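Undergrad: Next one to model:
(chains A and B)
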Amino acid sequence: MATANLPPLESELETDPIGDPQRSGLHRFWRRFSRHKLALIGLGILVFLLLVAIFAPLLTPYSPTAPNLTQVLLPPSAAHPLGTDELGRDVLARLMYGGRISFLVGFLSMIIATSIGVVYGATSGYLGGIWDRLMMRFVDLVMSFPAIFLLLIVLNLTGSNASVGLMILYLGLFGWTGLSRIVRSQVLSLKTNEYVEAARAQGASTRRILFKHVLPGAMAPVWVSAAFGVAGAMLAEASLDFLGFGLQPQIPSWGNMLDSAESYIVTHPLLILAPGLIITIAVVAINFVGDALRDALDPRSTAGMQRIG
Amino acid sequence: MAKYALQRVFEAIPLLFLVTLVTYFIMNLTPGGPLAVYLHNPHVTQSQIAVLAKQLGLDQPWYVRYFKWLWSLLHGNWGYSYFSGQPVIQLIGQRLPNTLILMGAAFLVSLTLGIPLGIYSATHQYSIFDYSFSFGSFFAWAMPSFFFGLLLQMIFAVKLGWLPVSGMYSAFYPPSFLELIRHLILPTTVLGLGSLAGWSRFMRSGLLEVVRQDYIRTAKAKGLKERTVILKHALKNAVLPIVTIIGMDLPAFFGGAVITEEIFSWPGMGRLFLASLNDRDYPIQMAALLISAALLVLGNLLADLAYGFLDPRIQYN
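TA: Just a heads-up that it's a prediction; the model follows:
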């Protein structure tokens, strides 16, 4: 994925006063998080979009895939609030179901990327020495692949018609390197702590030390990177759809909607505006949440959403 | 410094070798391969396909073909397109300059607009401009570039008719510099928007960080003008981290060009690459991949060297 990312919207580097010890960590987190007003709005939008996507079958009577050739390219009306597309399918229904695809791809590929990144980075940092050097050289190698070119080559293997599962897998396998470096450096510094040594002296196993004692302290950047990972994967999926190398054309994803609407740019601009604005709004909302997570958990980090293309 | 640069280039060679090897392997997993188009063509017999495969060397295992490809590459031969039979180097010669024009224009615009915007935003922190700029850059960063491109086409080419929808030169006017500029405006805006947003935000946060430091307070206490303090004292340090970002963004421009060229039918490397995917034209795919991987290495190297040039504390030994 592209290297640059966006620095904090408003980095609040000052730390909290010591605060009420009665209050839980979660409470303190929420207080810091909710200082970011845009993130609260973003979270609201995100929850709304997720609920609409989940309950799409209850909210719209139309099918997102079944063509209806008597109702082609209709303007917005009471029956079709956003009109219909070139195969007579209700645009609003397709947007609702499209959210399922986009969020599914975004969240699941983030989970894959985050799991690999955390386990790989933690192992590398904890083992240290020659293993650490070898494992990090491998990360260098993966990072020297130009992401969009290799992704397109890999997607081309399936004849430019990926299933949702494959898309999730590919995006997940491409997104873990940056996080693994961050986790590694966290673990490198955390493992020298005395409490880790104490655990080892008590005979705790390596795995137990790593997962119970070291990793919990290294999780702050993981949450931040996970949030931005969802947004980046959603954007990447839409871009690949648009290039014609993404999901099968019959899958109602936001990217596919835009791809097929390109031919109607002059006559039916709404077909482009509707999915384009929804993608933008969803990605901005997640970015705001990620921004606030960073302010609350890991203010010094410069993590951000990775963009391909 | 020259020695350091040379050493880095040598370090990059095994990396590029592995990148091309792995990609070649993955590419050859494609079912059917380049001749798949003929398999269901009744006019092409099995023996003809076999002859073609032999001519193109496709009857050999992938690793043999890889090392043949590598060997001729080291002798300056990038191979021949499976599809058109043209030498790949000739195709690159036609397409790469167009992509470089687009990349160069986008780079220039991002730099000349992004850096001053970031400085202005930082020196007017909490102003209305600063807030709307921050908000806007978030949208610019999150908007899919193809959607932004379609929007621009819709507004400036279709509705207003000010600028051409696509292409590099017009079919109605003779090719001229002015025509090129007119065709460049929309794709440049699309390709440059992301880095414009990123770089200006980095400039802003970098400057705000530097301005808090003691030596800036000293400069102000001496009675220097605000302008002098910012431009002469603060900027030099604030620019340091951005140099790295700019260098590392170099390959991102090349990757972004794939999408931008597709939207605006710009006759560059990106579209050549997309077409070569459909044709299973391995030599072209390898060329595009090699160029972008080399740009990645080059970008990182340039960033490191520029950093050392600007920050005298860094020594290359």
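Undergrad: ok, then the element right after the helix-or-strand element of chain B with minimal mean pLDDT?
TA: Within chain B, confidence by mean pLDDT, DSSP states H and E is lowest for helix B:36-39 among all helices and strands, at a mean of 68. On the C-terminal side of helix B:36-39, the closest following helix or strand by DSSP states H and E is helix B:46-56.
Undergrad: tell me which residues of that next one are tucked away?
TA: Neighbour counts over helix B:46-56 (16 or more other Cβ atoms under 10 Å in any protein chain shown) mark B:49, B:52-53, B:56 as buried. For every residue, glycine as well, the C-beta is placed using N, CA and C.
Undergrad: can you check stretch B:56-69 too?
TA: Of the residues in stretch B:56-69, those with enough neighbours to count as buried (16+ other Cβ under 10 Å) are B:56, B:58, B:62, B:65-66, B:69.
Undergrad: do stretch B:172-190 as well
TA: Using 16+ other Cβ under 10 Å as the burial criterion, the residues of stretch B:172-190 that qualify are B:179, B:182-184, B:186-190.
Undergrad: Likewise for stretch A:188-198?
TA: Under the neighbour-count criterion of 16+ other Cβ under 10 Å, stretch A:188-198 has A:188, A:190-191, A:196 buried.
Undergrad: ditto for stretch B:233-246
TA: Under the neighbour-count criterion of 16+ other Cβ under 10 Å, stretch B:233-246 has B:233-235, B:237-239, B:241-246 buried.
Undergrad: ok but B:Y126 is inside a helix, no?
TA: No. Counting by DSSP: H, G, I helix; E, B strand; the rest coil, one finds B:Y126 to be coil, located in no helix.
Undergrad: Please list all residues in contact with A:A218.
TA: By Cβ atoms under 8 Å, 6 or more residues apart in numbering or on different chains, A:A218 lies in contact with A:122, A:183, A:186-187, A:190.
Undergrad: Now it: closest residue in space, sequence neighbours ignored.
TA: Nearest-residue entry for A:A218: A:Q186, 3.7 Å, with adjacent residues in sequence omitted and distances by Cβ to Cβ, 6 or more residues apart in numbering or on different chains.
Undergrad: isn't B:K236 right next to B:L310, touching?
TA: Yes. Counting by Cβ atoms under 8 Å, B:K236 touches B:L310, with 7.4 Å between them.
Undergrad: Check the spacing between A:F242 and B:F148 real quick.
TA: Taking Cβ to Cβ, to the nearest Å as the measure, A:F242 falls 12 Å from B:F148.
Undergrad: I meant to write B:W62 there.
TA: Distance of B:W62 to B:F148, computed by Cβ to Cβ: 39 Å.
Undergrad: same thing with B:R217?
TA: According to Cβ to Cβ, B:R217 stands 42 Å off from B:F148.
Undergrad: the more surrounded of those two?
TA: Of the pair B:R217 and B:F148, B:F148 is the one with more neighbours under other Cβ atoms under 10 Å in any protein chain shown, namely 21 against 12.
Undergrad: pLDDT value on that one, please?
TA: With respect to pLDDT, B:F148 has a value of 93.
Undergrad: element containing the spatially closest residue to it that is not a sequence neighbour?
TA: Of all residues beyond its chain neighbours, the one nearest B:F148 is B:V190 (5.6 Å), with distances taken as Cβ to Cβ, 6+ apart. When secondary structure is defined using DSSP H and E, the element that contains B:V190 is helix B:177-211.
Undergrad: now B:S84
TA: Using DSSP H and E, B:S84 falls within no helix or strand.
Undergrad: So the closest residue to it other than its chain neighbours, which state does it fall into?
TA: When the adjacent residues along the chain are set aside, B:S84 lies closest to B:L91, with 7.9 Å between them (Cβ to Cβ, 6+ apart). Secondary structure state of B:L91, per three-state DSSP, is helix.
Undergrad: what's the burial count for B:L91?
TA: 21.
Undergrad: Would you confirm that it contacts B:L272?
TA: Yes. Counting by Cβ under 8 Å, B:L91 touches B:L272, with 6.3 Å between them.
Undergrad: who touches both of those two?
TA: Going by Cβ under 8 Å, 6+ apart, residues that sit against B:L91 and also against B:L272 are B:I284.
Undergrad: contacting residues for residue 25?
TA: No chain specified, so I'll use chain A. For A:G25, no contacting residues are found, by Cβ under 8 Å, 6+ apart.
Undergrad: not what I meant, chain B
TA: Contact analysis of B:F25 by Cβ under 8 Å, 6+ apart lists B:62-63, B:66.
Undergrad: hang on, it is in a helix, isn't it?
TA: Yes. Judged by three-state DSSP, B:F25 forms part of a helix.
Undergrad: And the helix holding B:V190, what does it pack against?
TA: Judged by 3 or more Cβ pairs under 8 Å, 6 or more residues apart in numbering or on different chains; DSSP states H and E, helix B:177-211 is in contact with helix B:88-123, helix B:128-142, helix B:145-152, helix B:235-264.
Undergrad: again, 10 Å this time
TA: For helix B:177-211, the contact count by 3 or more Cβ pairs under 10 Å, 6 or more residues apart in numbering or on different chains; DSSP states H and E identifies helix B:88-123, helix B:128-142, helix B:145-152, helix B:214-221, helix B:235-264 as packing neighbours.
Undergrad: So for A:G98, which of the ones you listed sits nearest?
TA: Taking Cβ to Cβ, helix B:145-152 is the member of the helices and strands packed on helix B:177-211 nearest to A:G98, at 13.8 Å.
Undergrad: Report pLDDT for B:E179.
TA: At B:E179, the model reports a pLDDT of 84.
Undergrad: doesn't B:L272 fall inside a helix?
TA: Yes. Residue assignment for B:L272, taken from three-state DSSP, places it within a helix.
Undergrad: how near is it to A:L127?
TA: To A:L127, B:L272 is 44 Å away according to Cβ to Cβ.
Undergrad: Which one's more surrounded, the two?
TA: Higher neighbour count among B:L272 and A:L127: B:L272, with 25 against 16, using other Cβ under 10 Å.
Undergrad: and B:D249, what pLDDT?
TA: In this prediction, B:D249 carries a pLDDT score of 84.
Undergrad: Number of residues surrounding it?
TA: The burial count assigned to B:D249 is 22, neighbours taken as other Cβ under 10 Å.
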